[in-house]
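Participant: model this:
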Amino acid sequence: MSEKTAERIGGWLLAPLAWLLLALLSASLAVVLYANAILSPQTFTVLRQQSTLNLGLWILSCAFAAGMWYYTLWLAIAFFKRRRIVPKHYIIWLLISVLLAVKAFAFSPVSDTLALRQLLFPLLAAALMVPYFKRSTRVKRTFVNP
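Facilitator: Sure, this is the predicted structure:
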């Protein structure tokens, strides 16, 4: 009656965990900035002067920031609990991060070097971590909790 125990989070899994926690910090900062803008009385004056399309895009961007914060927080909690669904959701989370970086690269009014730098890190993280999460036996032995 030997029961298989899950391995502790360690080794190369610390890198994806660190990336996830930094992304959580970044998403938290984005949500705080949106909340600060929403609570500011000047924001309503500026938003009323915007076209309907710009207002809709701003609200959509705020909703995506809140959604990404929640998903990142949920994934970080599941990561620490070593849930079985973490590898699949971590890959989905990485792909969403790449899509958001591509959106910022294509549609943001920032310089190309800054947009390319923001695109490079999610692409690099996805290129390194997706194969690791799909093929690593350590990942399979670590994330076993229901």
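Participant: Number of residues surrounding Val31?
Facilitator: By the measure other C-beta atoms under 10 Å, the count of residues near Val31 is 16. C-betas here are computed from N, CA, C, even on glycine.
Participant: Regarding the protein, what is its longest helix?
Facilitator: helix 52-80 (DSSP state H).
Participant: List the contacts of the next helix or strand after that helix.
Facilitator: Remark: after helix 52-80, the chain's next helix or strand is helix 86-107, criterion DSSP states H and E. The contact list for helix 86-107 (C-beta atoms under 8 Å, 6 or more residues apart in numbering) reads 16, 20, 23, 64, 68, 71-72, 75, 78-79, 110, 115-116, 118-119, 121-123, 125-126, 129-130, 133-134, 139-140, 143.
Participant: just the buried members of those?
Facilitator: Buried members of these, scored by 16 or more other C-beta atoms under 10 Å, are 16, 20, 23, 68, 71-72, 75, 78-79, 115, 118-119, 122, 125-126, 129-130, 133, 139, 143.
Participant: Which of the residues you listed fall within helices?
Facilitator: Short answer: the buried ones among the contacts of helix 86-107 in helices (DSSP H) are 16, 20, 23, 68, 71-72, 75, 78-79, 115, 118-119, 122, 125-126, 129-130, 133, 139.
Participant: Next, the angle helix 52-80 makes with the worst-scoring helix or strand of the chain on mean pLDDT.
Facilitator: The weakest-scoring helix or strand in the chain, judged by mean pLDDT, DSSP states H and E, is helix 41-49 (a mean of 82). Interaxial angle of helix 41-49 relative to helix 52-80 (axes from the mean of the first three to the mean of the last three C-alpha atoms, to 10 degrees): 130 degrees.
Participant: Going by neighbour count, list what's buried in helix 41-49.
Facilitator: Of the residues in helix 41-49, none is buried (16+ other C-beta under 10 Å).
Participant: Could you do stretch 83-94 as well?
Facilitator: In terms of neighbour count (16+ other C-beta under 10 Å), stretch 83-94 has its buried residues at 83, 86-87, 89-91, 93-94.
Participant: Just the closest of these to Arg48, please.
Facilitator: Checking the buried residues of stretch 83-94 against Arg48 with C-beta to C-beta, the nearest one is Trp93 at 35.4 Å.
Participant: ok, the closest one to Pro16 distance?
Facilitator: 10 Å (C-beta to C-beta, to the nearest Å).
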